[in-house]
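Novice: Got a sequence here, can you build the structure:
(one chain, ligands or ions: 2)
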Amino acid sequence: MPARVYAPTPRNLRLLSAALKRGELVAIPTETVYGLAAHALDVRACRRIFTAKRRPADDPLIVHVSDLRAAEQLAEFNNGARVIARHFWPGPLTIVLSKKKIVPRIVTSGQDTVALRAPAHPLARRLLKLSGLPLAAPSANLFGYVSPTTAEHVRLGLGGRIKHILDGGACAVGVESTIVDLSQPGQLRLLRPGAISAQELLAVLRRAGLTVRVVSGKTPATVLAPGLLDQHYSPHTPLTITPRLTAAQRKTAGTDPMALIFQRKPRHASGANVFWLSATGRLGDVAHNLYAVLREADAGKFSRMIVEAAPKSGGAWATAINDRLRRAAGKRSHQ
Ligand code: TXA
Ligand code: MG
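Specialist: Numbering: from 1, shown residues only. Ligands and ions are numbered 1, 2, ... in the order given. Below you'll find the model as predicted:
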């Protein structure tokens, strides 16, 4: 049976909350991307996530919670982690901490740490509250493909494999959460860049009087996590990245089998192979549109796609956008 897409009415939210309690999967909107949610303490429910997404068992899941109190049931918080959670939750930040026993091994792929996030999206929060459950939820796409930022993206990828999709419109942020490992007191390890930068996290910790060392690179355990590996979030059409589309490339607009993806709507290029990531050039808009545009260009059956990188001076947004572009292009991410 194809998936049903639910409008966010109170009745539907109650229905979906009951489905989650029964161990069923529900695709839910968050402010970053859509997640494929299941009862995080129900091993069979979590197994269904891996099956539906064709996700390898060694790629651990993020557990979504209402707030710090719910998170403390699942992981060992230190002072730094508490300060960060109080400041940035609910929001697009995932914190990796030592897990408590109650978290099943399937969620963490056997690791001793668990990734936790309190999402800000009102519908995700309503479902968390209504169900009273922690919800394990990776992005709601088939493993390896571009993350979904609308209910329709979810339906296209998983519509034949899951029953329930909650429609909350387009995700505001558009790229996945920042992931930071705070499991070692006094140490901050950035695992995935997102809307919130390591500098912002550091500033908040310093203001709270905590001294923290930023360490880079992955732990031996996280190196094994395919979600953090290089080729991921990838469209089917081969993608290359360029600092700026050249005049010669711009001239191919309307004629070439190669899709041209601009950062900003071009003034003098048009045609079926011309795409842009934002009308304004604002990087928040670029992030918001990024996956929808990559999917649209990918659906155009071009032989290749070429995309302009975000300007290096663009702060956290640029870092996150260029990280996802590198992964989509299958290049080393240097993170
Ligand atoms: O914005 C987001 O984070 C979205 C929404 C749905 O919340 N979720 C998301 O999940 O992007 P997913 O599974 O596509 O990416 C989660 C990443 C994976 O790459 C996984 O390797 C990493 O989090 N992860 C999960 N648990 C971890 C842990 N204990 N240590 C290190 N990395 C972990
Ligand atoms: Mg994912």
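
Novice: Stretch 13-33 spans what distance, first to last residue?
Specialist: Criterion Cα to Cα, to the nearest Å; first-to-last residue distance in stretch 13-33 is 19 Å.

Novice: try stretch 158-165
Specialist: 9 Å.

Novice: ok, which stretches of the stretch 151-300 of the chain are strands?
Specialist: For the stretch 151-300 of the chain, the strands defined by DSSP state E, counting those that start in this stretch cover 164-166, 178-181, 187-192, 213-215, 239-242, 258-264, 274-278.

Novice: could the ones you listed go into TSV alongside mean neighbour count?
Specialist: Every residue, glycine included, has its C-beta placed from N, CA and C. Shown next, in TSV, are the strands of the stretch 151-300 of the chain (neighbours: other Cβ atoms under 10 Å):
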stretch	mean neighbour count
strand 164-166	24
strand 178-181	24
strand 187-192	19
strand 213-215	12
strand 239-242	16
strand 258-264	21
strand 274-278	21
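
Novice: For the ones you listed, which has the smallest mean pLDDT value?
Specialist: Of all these, mean pLDDT reaches its minimum on strand 213-215 (a mean of 92).

Novice: Run me through the strand neighbours of that one, direction for each.
Specialist: Applying DSSP bridges to the sheet, strand 213-215 is found paired with strand 187-192 (parallel).

Novice: what does the partner strand rub up against?
Specialist: With contact meaning Cβ atoms under 8 Å, 6 or more residues apart in numbering, strand 187-192 is reached by 80, 94, 96, 176-182, 198, 201-202, 205, 212-219, 222, 228, 323, 335.

Novice: picking up where we left off before, could the strands of the stretch 151-300 of the chain go into a markdown table alongside distance to ligand 1?
Specialist: Compiled in a markdown table, those are given as follows (distance: least, Cβ to the nearest ligand atom, whole Å):
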| stretch | distance to ligand 1 |
| --- | --- |
| strand 164-166 | 12 |
| strand 178-181 | 5 |
| strand 187-192 | 6 |
| strand 213-215 | 14 |
| strand 239-242 | 19 |
| strand 258-264 | 22 |
| strand 274-278 | 19 |
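
Novice: Quick check: which of these is nearest to K101?
Specialist: Shortest distance between K101 and the strands of the stretch 151-300 of the chain, using Cβ to Cβ, is found for strand 178-181: 19.9 Å.

Novice: so V96 sits in a strand?
Specialist: Yes: applying DSSP: H, G, I helix; E, B strand; the rest coil, one finds V96 inside a strand.

Novice: quick one: the closest residue to it other than its chain neighbours and T211, what's the gap?
Specialist: In space, and not counting its chain neighbours, V96 is closest to D181: 4.1 Å by Cβ to Cβ, 6 or more residues apart in numbering. Applying Cβ to Cβ, to the nearest Å, the value for D181 to T211 is 17 Å.

Novice: before we move on, what about G91?
Specialist: 24 Å.

Novice: okay, the two: which has more neighbours?
Specialist: Shown here are G91 and T211; by other Cβ atoms under 10 Å, G91 has more neighbours (20 against 9).

Novice: Report how many residues lie close to K251.
Specialist: 12.

Novice: Please apply the same query to A287.
Specialist: Using other Cβ under 10 Å, the number of residues around A287 comes to 27.

Novice: contacting residues around the closest residue to N78 other than its chain neighbours?
Specialist: With sequence-adjacent residues excluded and distances taken as Cβ to Cβ, 6+ apart, N78 is closest to P185, at 4.5 Å. By Cβ under 8 Å, 6+ apart, P185 lies in contact with 78-80.

Novice: Compare the residues you listed and tell me which is most surrounded.
Specialist: The most crowded member of these, judged by other Cβ under 10 Å, is G80 (22 neighbours).

Novice: helix/strand/coil for L16?
Specialist: Relying on three-state DSSP, one would call L16 helix.

Novice: Does it touch A124 like I think?
Specialist: No: L16 lies out of contact with A124 (Cβ atoms under 8 Å); the separation is 11.2 Å.

Novice: do you know how far the residue nearest to N78 is from ligand 1?
Specialist: 17 Å (Cβ to the nearest ligand atom, to the nearest Å).
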